[in-house]
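Asks: task: produce atomic coordinates for the following.
(chains A and B)
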Amino acid sequence: MHDTGAVVFQASGLKRFYQMGEVTIQALRGVDLELHAGELVVMLGASGSGKSTLLNILGGLDSPSEGTLVYSPAASRHARTSAPSGEAGLDLARANQRDLTRFRRHHVGFVFQFYNLISSLTARENVAVVTDICHDPMPPEEALALVGLEHRLDHFPSQLSGGEQQRVAIARAVAKQPDVLLCDEPTGALDFRTGIRVLEVLEQVNRDTRTTVAIITHNEVIGEMADRIIRLRDGRVDQLQVNERRRKPQELRW
Amino acid sequence: MQTLDRKLYRDLWRLKGQALAIAMVIASGVMTLVMAITMLDSLTSARDRFYASHHFADIFVQVKRAPLGLLESLQRIEGVNLIEPRVLASVRLSVPGFGDPVRGKLVSLPDGRQPLLNQLHLIEGSLPEPGRDDQVVVSDAFAEAHDLTVGDSLEAIINGRHTRLTLSGIGLSPEFLYQVAPTDLMPDYQRYAVLWMNHRALSQAYAMEGAFNSLTLTLQAGAREDDVIDALDQALERYGAIGARTRHDQQSHRFIEEELNQQRITATVLPTIFLAVSAFLLNVVMGRIVQTQREQLAVLKAFGYRDMELARHYGLLAAAIVLLGWAIGVLLGTWAASGLAGIYLEYFRFPEMRSTLPAWALALSLLVSLLAALGGTWHAVWRAVSRPPAEAMRPPAPHRFRRSWLERLLPAPLLGSEGRIVLRNLARHPAKAGFSVLGIALSAGLLMIGAYQLAAVDRMIDQQYRQVLQMDIELIFNESTPARAAGELRHLPGVLAVETWRQVPVTLVHEHRQYRTSLLGMAQEPGLRQVLDEQSQPQRLPEAGVMLTRYLAEVLDARVGDELEVEIMEGRRQRVSLPLTALVDEPLGMGAYLRRDTLNALLQEGPAISGAWLLVDAARTTELHAALWELPGVASIGMLTEAEQGIRDYLDETILMVAIIFIAIASSIAFGVVYNNARIAFAERARELATLQVLGYTRAEVSRILLGEIALLTLVAIPPGWIIGVFFSHLLHQAFSHDLFRIPLVFTPQAFGFAALGVLAASLVVGMLVYRRLGRLDKIRVLKAVE
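Replies: Numbering: from 1, shown residues only, chains lettered A, B, ... in the order given. So this is what the prediction gives:
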């Protein structure tokens, strides 16, 4: 399954250094990696392994210190509708802030560990925040229905449970019909049952919309639902593992 | 405690922008307080010292002519301490090399010695030598304006006779601290002089031998002023007394009093506003600091820190900000006071004025600002420290939001996500938003009164010099003269028109109220001196009856149609009754107007006049001045155009500087409020703002949320700011309405526009600072943080 899609992200020799006072921290020490259209990838690693840095770079929140990261919209599902011609084979490593903003705006969906909803907006409005600014989004109601929240449209974050808030965040991420959905510890703040529910939603989005999904987590079990598992250690790809069969989230236990 | 103190320094450093903005508001309040108190103190003490050392009189009496022999009986009046007769006379001067006529007042001195009262402070030279009839001491301002020194001479006309006067000295008198010609508002040192000469010489020149026309006296301790005045008036009535006056009615003293009043208003109103706003700002900012540090607080409490120790910690943080503001305020206030003192010394001629800040003012300003800070901080700090540690360690409950009623009024597409966020954030803290609006509105209000003062004074001068007084020159004769003398004036070179007038001192009585002024008799339709109605339209003088300045009618509680009793204080001292026929709207003085022929009839005299107004051709002034100089019967020549120019120059110098200081400190409130608001909003929403940027919003789009809030608060604050401005302007208008002058109540579109633009400009600066800060927002770090 994983090798059927075209390459969406092509990373080679990605390095990222941070200067922290007098100490240089090497968060990434040379990562080579491909992400394919329509696959669900889980990146595993302990804290400090560089997985968050990698995700931030993939999402255009951060730029590598060295290496290239080519994003190919032509390979993606929305190439026809959403990619201005100038973005063919965009090298994110060399893109400026404006290009990165545009890249995030039209191509990437984010899901965060702490949901990051706007507390003064309702569920529907939190989704609309994104659909307001991108091309060809799905209606907020449809996105919320996709995550099973069609009955909670007008609730504020303070009126929703943690799992519900995370599902709103997922609806917000998928509503723009992104090429890639990047999830940073999406179940990290949730209990087991709620976490499974959120993973079901992510799996369903990947299956139904063929959106590339990358989840980073330190929870080994979640890897079982992926097409591929990328293990990171010490700022490098330690191991690539292809699952012959993706397990359904309901089957996972931790 | 040391570690906690280190935390204090770091917190303060982290908050430097906000702390400085609050400190500037405090500084503005302290500055106005320090400035006003310093001025009050130095003006009052300089005046009191001068009055005491040079024996300023308590009571002044003007008579037509009374024999010196009367003095003995006057001395016996109960309550009289020192009493001194003298001669006052008008003089016309000609200064070599200066073309304009100069008016002067001659005051007699006992031959060869200082007077008992109103002694001279000699800056240069000496008193006139005994027996000399040509020596004079001149006022220092006049000498300064013409660069005169001892030994210089002046041409003078006293009572129609030419004389040559030589300067024996240059001096100051407590009686003429504010040296202004009787009909002027501002000193004109080039065209008005006070001179002192020997009694014998002046009484000869003025035909006052063996007599006096002015009396000054002091009261014994515990004497009743009113009783003394009554006794004096009674004793001097037959000698043409126009009523004894206290210091309150003495021109120079009165102007100083008005200035002191103004400083008193400044000392109370402005600091109150500024310190109240800074208390509010401290409350908001300290509340926010304590909120973000609740976990640290809980940990410290868990370690065993006592509530008081923690309260002290945050109290010190606020106190540090107050101290900073206070120190800046004291410096600025002292600086502004020394600047103002320089201006004052030009207009109030004290021998010396020390502008030192009294220690109690330092203490008071510190106490007041600390109290304001304590009031603003106490609640926030105490609420935080008094909470049990376990409770404080739990994260705060998520913010609750709801749709605001305002949203329902606006169509959803118009509002957008950003608009919704702005509205709901504001609606969640209505009290905070309300106070912010109030703070900005106060600032707009202050800006508006700054603009109002400029416009009002400008309007006042326009009314007085462009609409009321349309003559170029005012001539006052030595004594009342037959009206036909005017015919001669018409033939002087460059004279385009002549109008004559008759003036007598009177006391107006209505019911139990009375007021001393003069009746001015004019042509039925005066062309050169207008009596205006409420719409600033010229009025005709009534066939019979009298018109009063509106403010005078209010003082007398008289309405149009009422009968006024008029006691004429000259000649036969008739008492007549005149109907009040109309009111006159004019900004200066307290006038009573009627037709000249009516006045002549009341006085039972023929067509007599006291003076004339001239309209002249500006191109022929030199010729005209030469011709006027030769007219023997003229006591005084007043130049109206020059007087107006003098006032305008003064205003350009002084009021403008004051207005600029005012605008600067008023903007400090707008800036302080908006900036602190924006910074707190920024801190509270950093996570949301970062999220939006991650979701693909551009910096410009995200900044709309913060800038939108700033803009909305500012826009909402403008109308109430206008209302506050109108209210303040009314207060000022009332505070500056007295018999000397009334500042008109004018609201120009410029004043409204200025107030609005002022706060918008302050907000714009804040907006740019916030926008820059947004660029430095670390998206990744903020997103990782737990809410």
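Asks: now B:Ala318: closest residue in space that isn't a chain neighbour?
Replies: B:Thr377 (4.3 Å; Cβ to Cβ, 6 or more residues apart in numbering or on different chains). To be clear about C-beta, it is placed using only N, CA and C from the backbone, and glycine gets the same treatment.
Asks: so what's that neighbour up against?
Replies: B:Leu282, B:Asn283, B:Met286, B:Tyr314, B:Gly315, B:Ala318 (Cβ atoms under 8 Å, 6 or more residues apart in numbering or on different chains).
Asks: shouldn't B:Leu106 be within a strand?
Replies: Yes. Counting by DSSP: H, G, I helix; E, B strand; the rest coil, B:Leu106 is located in a strand.
Asks: whichever strand or helix holds B:Ala52 - contacts with which helices or strands?
Replies: Assigned by DSSP states H and E, B:Ala52 belongs to helix B:16-53. If contacts are counted by 3 or more Cβ pairs under 8 Å, 6 or more residues apart in numbering or on different chains; DSSP states H and E, helix B:16-53 sits against helix B:251-292, helix B:307-347, helix B:359-385, helix B:640-694.
Asks: can you list those in a markdown table and add mean pLDDT and distance to B:Thr714?
Replies: Listed next are those as a markdown table, based on pLDDT from 0 to 100; distance: least, Cβ to Cβ, whole Å:
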| stretch | mean pLDDT | distance to B:Thr714 |
| --- | --- | --- |
| helix B:251-292 | 82 | 15 |
| helix B:307-347 | 86 | 23 |
| helix B:359-385 | 82 | 22 |
| helix B:640-694 | 81 | 7 |
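Asks: now the ones you listed in JSON lines, with distance to A:Ser52?
Replies: As requested, those are arranged in JSON lines below (distance: least, Cβ to Cβ, whole Å):
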{"stretch": "helix B:251-292", "distance to A:Ser52": "25"}
{"stretch": "helix B:307-347", "distance to A:Ser52": "35"}
{"stretch": "helix B:359-385", "distance to A:Ser52": "34"}
{"stretch": "helix B:640-694", "distance to A:Ser52": "13"}
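Asks: what parts of the stretch 601-750 of chain B come near chain A?
Replies: The interface of the stretch 601-750 of chain B toward chain A, taken as Cβ under 8 Å from any Cβ of the partner chain, is made up of B:Arg687, B:Glu688, B:Thr691, B:Leu692, B:Gln693, B:Val694, B:Leu695, B:Gly696, B:Tyr697, B:Thr698, B:Glu701.
Asks: farthest-apart pair in the contacts of B:Thr377, please.
Replies: B:Asn283 and B:Gly315 (13.2 Å; Cβ to Cβ).
Asks: about what we covered before: quick check: mean pLDDT of the helix holding B:Ala52?
Replies: In this model, helix B:16-53 has a mean pLDDT of 89.
Asks: helices and strands around the helix or strand that it is followed by, which ones?
Replies: Using DSSP H and E, the helix or strand that follows helix B:16-53 towards the C-terminus is strand B:59-67. For strand B:59-67, the packing partners by 3+ Cβ pairs under 8 Å, 6+ apart come out as strand B:211-219, helix B:225-236, strand B:245-246.
Asks: quick check, nearest of the residues of the stretch 601-750 of chain B next to chain A to chain A?
Replies: B:Gly696 (2.7 Å; Cβ to the nearest Cβ).
Asks: picking that back up, of the contacts of B:Thr377, buried ones?
Replies: By neighbour count, with 16 or more other Cβ atoms under 10 Å in any protein chain shown, these hold B:Leu282, B:Asn283, B:Met286, B:Tyr314, B:Gly315, B:Ala318 as buried.
Asks: what about B:Leu117, how many neighbours?
Replies: 23 (other Cβ atoms under 10 Å in any protein chain shown).
Asks: A:Ser47 now?
Replies: 8.
Asks: give me the phi and psi angles of the closest residue to it other than its chain neighbours.
Replies: Excluding its sequence neighbours, the residue lying closest to A:Ser47 (Cβ to Cβ, 6+ apart) is A:His218, at 6.7 Å. Main-chain torsions, A:His218, degrees, to the nearest 10: phi -110, psi 10.
Asks: in CSV, list the contacts of B:Thr377 along with distance to B:Ala141.
Replies: Formatted as CSV, these follow (distance: Cβ to Cβ, whole Å):
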residue, distance to B:Ala141
B:Leu282, 48
B:Asn283, 51
B:Met286, 53
B:Tyr314, 56
B:Gly315, 53
B:Ala318, 49
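Asks: out of these, which is nearest to A:Glu203?
Replies: Nearest to A:Glu203, judged by Cβ to Cβ, of the contacts of B:Thr377 is B:Met286 at 49.0 Å.
Asks: tell me the SS of the single nearest residue of the stretch 151-254 of chain A relative to chain B?
Replies: Taking Cβ to the nearest Cβ, chain B has its nearest neighbour within the stretch 151-254 of chain A at A:Ser158, 4.2 Å off. The three-state assignment at A:Ser158 reads helix, by three-state DSSP.
Asks: report pLDDT for B:Ile609.
Replies: Here the pLDDT value assigned to B:Ile609 is 95.
Asks: for it, name its beta-bridge partners.
Replies: B:Thr481 (DSSP bridges).
Asks: can you give me the end-to-end span of stretch B:727-741?
Replies: 20 Å (Cα to Cα, to the nearest Å).
Asks: ok now it, how far from the chain's centre?
Replies: Chain-centre distance of stretch B:727-741: 10 Å, with Cα atoms, centre = their mean, to the nearest Å.
Asks: same check on stretch B:69-88?
Replies: The answer for stretch B:69-88 is 37 Å, by Cα atoms, centre = their mean.
Asks: let me see the mean pLDDT of that stretch.
Replies: Mean predicted confidence for stretch B:69-88 is 93.
Asks: first-to-last residue distance for that stretch?
Replies: Stretch B:69-88: ends 18 Å apart by Cα to Cα.
Asks: what residues does it touch?
Replies: B:55, B:57, B:62, B:66, B:68, B:105-110, B:115-117, B:199, B:202-203, B:206, B:208, B:210-220, B:223-225, B:227-228, B:231-232, B:235-236, B:239.
Asks: neighbours around the residue lying closest to B:Phe280 once chain neighbours are set aside, how many?
Replies: Leaving aside its chain neighbours, B:Phe280 sits nearest to B:Phe435 (5.2 Å; criterion: Cβ to Cβ, 6+ apart). Using other Cβ under 10 Å, B:Phe435 is surrounded by 18 other residues.
Asks: tell me which other helices or strands the helix or strand where B:Phe435 lies touches.
Replies: Counting by DSSP H and E, the element that carries B:Phe435 is helix B:430-462. Applying 3+ Cβ pairs under 8 Å, 6+ apart, one finds that helix B:430-462 makes contact with helix B:251-292, helix B:640-694, helix B:699-735, helix B:749-775.
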